[in-house]
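**Q** fold the following.
(one chain, ligands or ions: 2)
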Amino acid sequence: MSAKLLEQIEQKVLAGERLAPEDGLYLDESADLLTLGRLANHVRRERHGNLAFYNTNIHLNPTNVCVYRCRFCAFRADLKAEKAYTFTDDMIRVRVLEAKASGATEIHVVGGLHHQKKFDWYVNVIRVIHETWPELHIKAWTGVEINWFAHLTKQPYEWILKELQAAGLGSLPGGGAEIFDEQVRAQICEHKADSQAWLDIHRAAHELGLRSNATMLYGHVESAQHRIDHLCRLRELQDDTGGFQTFIPLAFHPENTNLDHIPKPTGQMDLRMIALSRLMLDNFDHIKAYWVMLGEPIAQVALNFGADDLDGTVVHELIYHDAGAKTPEGLTVQQLHRLIRETGCEPVERDTLYRQVIRDGAQWQIGEPLSKLVNA
Ligand code: V47
Ligand code: SF4
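**A** Ligands and ions are numbered 1, 2, ... in the order given. Below you'll find the model as predicted:
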């Protein structure tokens, strides 16, 4: 029976047909890794040929002070904790000038939800970045943060997003999605934005013309059923809006968290999640292998298991490093090129909106959307 089911799934994949939730469940629980990888790699090659993407980016976590206490989080701090920090405007400017000097095209901004900061403080973070260097794309504030701003201001999501856009916001990152299942959420991040709020915020962003990303945190207390439910809820929203650009499966890192009794996901599971997402999310253009949390070896192999994107140079990442990630604090473009070329793919630098970045010495300009490069 199961060999027959796998055969039927394979036929669907080769015919470009959508997989049902039951297919996903079977793939997650029972398919062998190499079959999963072969099918996902087929889908990747159909979409992107032999191109694999990366960007030149830098992170800014303006504060680690957070009112919430997600059980998987090693980054947050209490207001009075010794490790608590909050950036000043000058510190933000220094980070932006570092981004400029390093040739970054994107700044990725997320942080804690500070007990004492009003919405204006978060708008100001965006404004200071934008005024310091207007060319830098600002990918900022997760659905959880936008939900917090709505709580602070009592304003609808559209209003919040428009204020941020006016200050210089370019797109939303995919964090805060965790696992949508309400019972799992109650166990790992009880008080923060619920799944419907997260989905509503991304819908509102897409309707305003903002692009966004989506994530799934796996390898903690969730089951295969919860993962498939998560992927299907994202696929449904994407059918409606088409506003998601990339999906990033995030491996749970237990060190220094309240879930440190759970072992870190294995390489086998990491590759399965990459392949499963490529196969289920037929309406997402990109699957990202976030090397910071996967480690360079698994991220590299993931490029043959359905992923087409390695994220970027990622300077100043804190969320994973606080949770015990042993990966470097950043990779050079040469290192990213090597990781990609060794898999048989051709590296292409992209901007946040997945257009080619063309460099001439220290100058860069935006070229074609990447879809035009495939098979060019
Ligand atoms: O929402 C927090 C996760 C997310 C841990 O959009 C943890 O391009 C594992 O969303 N172990 C933030 N995961 C990071 C994120 C992201 C990363 C890279 C690219 C993009 C993008 C988005 O990190 C949080 C949460 O799901 N997280 N703590 C932990 N201990
Ligand atoms: Fe706060 Fe985000 Fe950490 Fe949750 S994951 S405790 S919202 S910083």
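**Q** export stretch 36-49 as PDB, just CAs?
**A** This file holds the C-alpha atoms of stretch 36-49, laid out as PDB (Å, rounded to 0.1, in the frame of the first residue of the first chain):
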ATOM      1  CA  LEU A  36      12.000  12.900  -0.800                       C
ATOM      2  CA  GLY A  37      15.200  14.700  -1.800                       C
ATOM      3  CA  ARG A  38      15.000  13.500  -5.400                       C
ATOM      4  CA  LEU A  39      11.400  14.700  -5.900                       C
ATOM      5  CA  ALA A  40      12.100  18.000  -4.200                       C
ATOM      6  CA  ASN A  41      15.200  18.500  -6.300                       C
ATOM      7  CA  HIS A  42      13.200  17.800  -9.400                       C
ATOM      8  CA  VAL A  43      10.800  20.600  -8.400                       C
ATOM      9  CA  ARG A  44      13.600  23.000  -7.700                       C
ATOM     10  CA  ARG A  45      15.300  22.400 -11.000                       C
ATOM     11  CA  GLU A  46      12.000  22.900 -12.900                       C
ATOM     12  CA  ARG A  47      11.700  26.300 -11.300                       C
ATOM     13  CA  HIS A  48      15.200  27.600 -11.000                       C
ATOM     14  CA  GLY A  49      17.400  25.500 -13.400                       C
END
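**Q** what comes up buried for it?
**A** In terms of neighbour count (16 or more other C-beta atoms under 10 Å), stretch 36-49 has its buried residues at Leu36, Gly37, Arg38, Leu39, Ala40, Asn41, His42, Val43, Arg44, Arg45, Arg47, His48. All C-beta atoms are positioned from the backbone trio N, CA, C, and that covers glycine.
**Q** could the residues you listed be laid out in a markdown table, adding secondary structure?
**A** Formatted as a markdown table, the buried residues of stretch 36-49 follow (DSSP: H, G, I helix; E, B strand; the rest coil):
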| residue | secondary structure |
| --- | --- |
| Leu36 | helix |
| Gly37 | helix |
| Arg38 | helix |
| Leu39 | helix |
| Ala40 | helix |
| Asn41 | helix |
| His42 | helix |
| Val43 | helix |
| Arg44 | helix |
| Arg45 | helix |
| Arg47 | helix |
| His48 | helix |
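**Q** most proximal residue of the stretch 101-250 of the chain with respect to ligand 2?
**A** Closest contact between the stretch 101-250 of the chain and ligand 2, by C-beta to the nearest ligand atom, is at Gly112 (4.3 Å).
**Q** quick check: closest non-adjacent residue to that residue.
**A** Distance criterion C-beta to C-beta, 6 or more residues apart in numbering; nearest residue to Gly112, sequence neighbours excluded, is Cys66 at 3.0 Å.
**Q** residues touching Phe244, list them.
**A** Gly174, His202, His206, Arg211, Ser212, Asn213, Ala214, Leu234, Leu237, Gln238, Phe284 (C-beta atoms under 8 Å, 6 or more residues apart in numbering).
**Q** and Ala193, by the same measure?
**A** Per C-beta under 8 Å, 6+ apart, neighbours of Ala193: Gly143, Val144, Asn147, Trp148, Gly176, Ile201.
**Q** show the pLDDT at the residue nearest to the last one when sequence neighbours are not counted.
**A** With sequence-adjacent residues excluded and distances taken as C-beta to C-beta, 6+ apart, Ile201 is closest to Gly143, at 4.3 Å. With respect to pLDDT, Gly143 has a value of 98.
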